[in-house]
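Novice: Quick one: sequence plus predicted model below, questions after.
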Amino acid sequence: MFKEEFDTSYVGFKKDGAQWLVDNTDIKLVGVDYLSVAAYDEKAG
């Protein structure tokens with residue numbers, strides 16, 4: 001299952017989704033087993 005191209009379709013959080021969790025739940029920690037918590041197309045900053 002070797003791929004030469006980086007798969008950009010992985011699951012991640014967008015800023016508005018993360019903000020929704022903060023505003024609407026008691027979740028204090030999210031664990032992610034991947035390169036980043038952010039979706040590929042989400043810009044840092």
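Specialist: That came through, no problem. In this text, all values refer to a predicted model and were calculated from it rather than measured experimentally.

Novice: Could you report the distance from the spatially most central residue of the chain to F2?
Specialist: The structure's the chain has its C-alpha centroid closest to G12; by CA atoms, centre = their mean the separation is 2.3 Å. Spatial separation of G12 from F2 under the definition CB to CB, to the nearest Å is 23 Å. Placement of C-beta: from N, CA and C, glycine included.

Novice: Tell me, how many residues neighbour the nearest residue to the residue nearest to the centre of the chain once chain neighbours are set aside?
Specialist: Leaving aside its chain neighbours, G12 sits nearest to A39 (3.6 Å; criterion: CB to CB, 6 or more residues apart in numbering). Other residues lying near A39 total 15 when counted by other CB atoms under 10 Å.

Novice: For A39, give me its contacts.
Specialist: Neighbouring residues of A39 by CB atoms under 8 Å, 6 or more residues apart in numbering: Y10, V11, G12, F13, K14.

Novice: got it, and K14?
Specialist: Contacts were defined as CB under 8 Å, 6+ apart; by that measure K14 touches A38, A39, E42.

Novice: mind checking which helix or strand S36 is in?
Specialist: With elements taken from DSSP states H and E, nothing contains S36; it lies in neither a helix nor a strand.

Novice: Surely it is in contact with T8?
Specialist: No: proximity of S36 to T8 does not meet the contact threshold set by CB atoms under 8 Å, at 11.4 Å.

Novice: Between those two, tell me which one has more neighbours.
Specialist: The residue with the greater number of neighbours, taking S36 and T8 and applying other CB under 10 Å, is S36; the counts read 12 against 8.

Novice: What does the pLDDT read for that one?
Specialist: pLDDT for S36: 77.

Novice: what's the distance between it and D23?
Specialist: The span separating S36 from D23 equals 22 Å under the rule CB to CB.

Novice: likewise V11?
Specialist: Counting by CB to CB, the gap between V11 and D23 amounts to 21 Å.

Novice: G31 too?
Specialist: Taken as CB to CB, the spacing of G31 relative to D23 amounts to 20 Å.
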